[in-house]
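Peer 1: Using only what follows, build the 3D model:
(one chain, ligands or ions: 1)
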Amino acid sequence: MNIAKTMDVKITIIDREGTAHHVDAQTDMAMNLMEVIRSYELAPEGTIGICGGMAMCASC
Ligand code: FES
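Peer 2: As a prediction, the model looks like this:
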């Protein structure tokens, strides 16, 4: 039996106030960076990811 092992990627996100956040981005959920930022609630609701990551609103 071959069980795929997933690993988290450690990334540092600098928020709009200049604060660094060190987070683990899961690789098994196929999230883009905008979705990772939203999942950690690093930006006020409604200020990022407005178009869902389609590169149309420039919020992320
Ligand atoms: S959510 Fe990133 S550009 Fe719109």
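Peer 1: Could you list the contact residues of this protein toward the ligand?
Peer 2: Residues of the chain lying near the ligand by Cβ under 6 Å from any ligand atom: 34, 49-51, 53-60. C-beta here means a position set from N, CA and C on the backbone, and glycine is covered the same way.
Peer 1: what's the neighbour count on residue 53?
Peer 2: 17 (other Cβ atoms under 10 Å).
Peer 1: center of the protein - which residue?
Peer 2: residue 36 (1.8 Å; Cα atoms, centre = their mean).
Peer 1: And the pLDDT at the spatially closest residue to it that is not a sequence neighbour?
Peer 2: Spatial nearest neighbour of residue 36, chain neighbours left out: residue 25 (4.8 Å); criterion: Cβ to Cβ, 6 or more residues apart in numbering. Looking at residue 25, its pLDDT stands at 91.
Peer 1: again, but for residue 55
Peer 2: 85.
Peer 1: How about the contacts made by it?
Peer 2: Applying Cβ atoms under 8 Å, 6 or more residues apart in numbering to residue 55 gives no contacts.
Peer 1: rewinding a little: write the ChimeraX selection for whichever of the residues of the chain next to the ligand are buried.
Peer 2: Remark: buried members of the residues of the chain next to the ligand, expressed as a ChimeraX selection using 16 or more other Cβ atoms under 10 Å:
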select :34,49,53,60
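Peer 1: All set now, cheers.
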